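Chemist: sharing a model that was predicted from the sequence below.
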Amino acid sequence: MDQIVTVFGGTGFLGRRVVRHLRDREFTVRIVARHPDRGHRQFGLDDPLFVEASIHDERSVAHALAGAYGVVNAVSLYVEHGRETFHAVHVEAAQRVAAQALRAGVERLAHVSGIGADAASRSRYIQKRGEGELAVRAAFADALIVRPAVMFGPDDAFLTTILKLLHWLPIYPMFGRGLMRLQPAYVEDVAEAIVRVMQRAEKQPMIFEYGGPRIYSYEKFLQAVAHQAGLKPILVPIPFAAWHALTWISEMFPNPPLTRNQVELMQIDTVSSPEMPGFDELGISPHPVEEILQKMLANFRGGLA
């Protein structure tokens, strides 16, 4: 297959998996990176093609898209710093990629957002995700919007962090009363789903929501993870007001352990809508957390040794 797919965010947690799955399907993959030398170290000797570009620069975005069949925008931002704001990345840059994709004659555009994205939200992060979807659709009418639930997998910032905290803290501070519902999705399943979306014969705009095979309350999820890890923590409810206060201190650090948007996301359910197409539509049976967790635990324990 001689079709080129340009991937923005191709060195990130989800993006590098998307790159691998695309290459498995024999697409020619072009990864957009501000620092290609760092990206090469992630992929080894048989490197995909790297293009040095910034999503904030229209000319370099256009250059990265020249001659491409498809584009995946998997760029994400969780902490604002300097010019890297939620609006600049999730709205302006997303619109820029979509507009330049249309101009370049790209046939397929997959824009990665997230379950819960809502332009009317009071949360700046969630609001800008929602505004980004609208901006992409306005610029590229046939865009495919991809909304994963919270993703997990080796080297993630979600499940790995929970495992560490459960190991270190016999008394575990819980977000609120632990009632928030979540439907964790394995990152490899999400990457595979994105590639299958790119291969679909239909060319109509769609929104896909990818949630795992089981819905948990946050408390039940913590209990399930602790059980798999052989731990018996005491889960203590902590009001969200206290968590929000903590973020003001946390975000003073260069790599904050806790951010406002993380706390805001823990206050809403992130569960896929049964009315939206998802893994089933693409013939994918998503992996349960417990199955992947056993593999992650082996690495986790090795890291503690």
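Modeler: In hand now; what should we look at?

Chemist: assign residue 209 to helix, strand or coil.
Modeler: Secondary structure for residue 209, judged by DSSP: H, G, I helix; E, B strand; the rest coil, is strand.

Chemist: mind listing the residues bridging to it?
Modeler: Taking DSSP bridges as the rule, residue 209 bridges to residue 147.

Chemist: that one touches residue 147, doesn't it?
Modeler: Yes: under the criterion of C-beta atoms under 8 Å, residue 209 makes contact with residue 147 at 4.7 Å. Bear in mind the C-beta positions are built from the backbone N, C-alpha and C, glycine included.

Chemist: who does the strand or helix carrying residue 60 touch, helix- and strand-wise?
Modeler: Here residue 60 is covered by helix 58-65, with elements defined by DSSP states H and E. Of the remaining helices and strands, those touching helix 58-65 by 3 or more C-beta pairs under 8 Å, 6 or more residues apart in numbering; DSSP states H and E are strand 4-8, strand 28-33, strand 49-52, helix 94-103.

Chemist: how are the helices of this protein distributed by residue range?
Modeler: Taking DSSP state H as the criterion, the chain carries its helices at 15-24, 36-43, 58-65, 86, 94-103, 124-139, 159-168, 187-199, 218-228, 240-250, 260-265, 289-304.

Chemist: overlap of the contact sets of residue 209 and residue 147?
Modeler: Shared contacts of residue 209 and residue 147 (C-beta atoms under 8 Å, 6 or more residues apart in numbering): 115, 272, 276.

Chemist: buried residues, stretch 168-178. List them.
Modeler: 172, 174-176, 178 (16 or more other C-beta atoms under 10 Å).

Chemist: may I ask which two of the residues you listed are separated the most?
Modeler: Of all pairs drawn from those, the greatest distance, 13.3 Å, lies between 172 and 176 (C-beta to C-beta).

Chemist: contacting residues for residue 286?
Modeler: Shown here is residue 286, whose contacts under the criterion C-beta under 8 Å, 6+ apart are 185-186, 189, 210-213, 279.

Chemist: got it, and residue 271?
Modeler: By C-beta under 8 Å, 6+ apart, the residues touching residue 271 are 115, 149, 181-183, 211, 215.

Chemist: got it, and residue 140?
Modeler: Listed by C-beta under 8 Å, 6+ apart, the contact set of residue 140 reads 98-99, 101-102, 109.

Chemist: and the furthest pair within those residues?
Modeler: The widest separation within those, taken as C-beta to C-beta, falls between 99 and 109 and amounts to 10.4 Å.

Chemist: these two - which one has more neighbours?
Modeler: Neighbours per residue, other C-beta atoms under 10 Å: of residue 99 and residue 109, the larger number sits with residue 109, 26 against 18.

Chemist: just checking, the more buried one touches residue 143?
Modeler: Yes: applying C-beta under 8 Å as the test, residue 109 and residue 143 come out as touching, 4.7 Å apart.

Chemist: still on that earlier bit, closest to residue 296 out of the contacts of residue 286?
Modeler: Proximity to residue 296 was ranked across the contacts of residue 286 by C-beta to C-beta; first place goes to residue 186, at 10.7 Å.

Chemist: what is the neighbour count of the closest one?
Modeler: By the other C-beta under 10 Å criterion, the neighbourhood of residue 186 contains 24 residues.

Chemist: now swap in residue 119 and tell me
Modeler: Residue 119: 15 neighbours (other C-beta under 10 Å).

Chemist: can you tell me the closest non-neighbouring residue to it?
Modeler: Setting aside the residues directly before and after it, residue 119 is nearest to residue 130 in space (C-beta to C-beta, 6 or more residues apart in numbering), at 3.5 Å.

Chemist: hmm, the one you found is touching residue 115, no?
Modeler: No: under the contact definition of C-beta under 8 Å, residue 130 does not touch residue 115, with a separation of 11.3 Å.

Chemist: any stretches of the chain with poor pLDDT?
Modeler: Where the chain drops to pLDDT under 70, the residues are 1, 35-48, 300-305.

Chemist: let's see it at 80
Modeler: By pLDDT under 80, the weakly predicted segments of the chain are 1-2, 34-48, 201-203, 254-255, 257, 299-305.
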